[in-house]
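A.B. asks: Here is a sequence with its predicted model. Questions after.
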Amino acid sequence: MFCCKFFIYLQIMRYKDEQEILALIRNDNPDGVKCLFDLYYKPLCVFAMNFTDSFEESEDIVQELFVRFWEKYRGKVFEGSLRAYLFSSVQHNCIKSLKSKTHSRFPVIPEICAEESSYREEELEIQCQKLYAEIARLPEQCRKVFELIVLEDMRYKEVALSLNLSVNTVKTHFARALKQLRSSIQILLFVLLRNRGVL
């Protein structure tokens, strides 16, 4: 059921492709950053959770990346894969943040963001069922918040209004859910990217 909703959601989602987003940014149009944010914010935050212990820190790293990307590339040409650039930048920034906190060396972390072809449909379905079982084991409020943010693609403020909670409480529940789902972050990331048409 969970995976089916994701795949249906994938077909409904319509985002501008990378080239259109880059064209907006190149033309100094702030809508390019909004599209970039809508397409990549949640997947990048989930990806960053592989390296950080705090969802808030993950959000800070991703938000900072968007600001720097806008400042660096508005009015300029970006060449290469936007997705690869964003994910490798988040990974680099997370490791840099961790190094500055602990002053220790970290091994090179393998690429988490796999291509669609690396998952066979049967394997994907099995992984989705495992993810669904883990989501079902979340505390009720965490599960509701997680499902509204991920499945319904609602923003924190919308979830807060829907559940009659503060935005900070929603963020806390979402961060707790992601921590509990840490073992399934890779499949969650993959599904989020597929939903947004990035894979």
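C.D. replies: Received it, and whenever you're ready, just let me know what you need. Computed from a predicted structure; not experimentally measured.

A.B. asks: ok, the residue nearest to the spatial centre of the chain to residue 163 distance?
C.D. replies: The centroid of the chain falls nearest to residue 43 when counting by C-alpha atoms, centre = their mean (1.3 Å). According to C-beta to C-beta, to the nearest Å, residue 43 stands 23 Å off from residue 163. Where you see a C-beta, it was placed from the backbone N, CA and C, and this is true even at glycine.

A.B. asks: Also residue 58?
C.D. replies: Relative to residue 163, and taking C-beta to C-beta, residue 58 is found at 22 Å.

A.B. asks: of these two, who's got more company?
C.D. replies: Taking neighbours as other C-beta atoms under 10 Å, residue 58 and residue 163 compare with residue 58 leading, 24 against 15.

A.B. asks: pLDDT wise, what is the residue nearest to that one when sequence neighbours are not counted at?
C.D. replies: Spatial nearest neighbour of residue 58, excluding adjacent residues (C-beta to C-beta, 6 or more residues apart in numbering): residue 48 at 3.6 Å. Model confidence at residue 48, given as pLDDT, is 88.

A.B. asks: measure residue 48 to residue 172 for me?
C.D. replies: Distance from residue 48 to residue 172, by C-beta to C-beta: 17 Å.

A.B. asks: likewise residue 69?
C.D. replies: Where residue 172 is concerned, residue 69 sits at a distance of 28 Å (C-beta to C-beta).

A.B. asks: Same check on residue 189?
C.D. replies: In terms of C-beta to C-beta, residue 189 sits 21 Å off from residue 172.

A.B. asks: Could you pull out the strands in the chain for me?
C.D. replies: Under the criterion DSSP state E, the chain contains no strands.

A.B. asks: give me the low-pLDDT residue ranges for it?
C.D. replies: Where the chain drops to pLDDT under 70, the residues are 1-16, 101-121, 191-199.

A.B. asks: make it 90
C.D. replies: Along the chain, the parts satisfying pLDDT under 90 run over 1-26, 28-39, 42-43, 45-59, 70-84, 91-138, 146-156, 171-172, 174-199.
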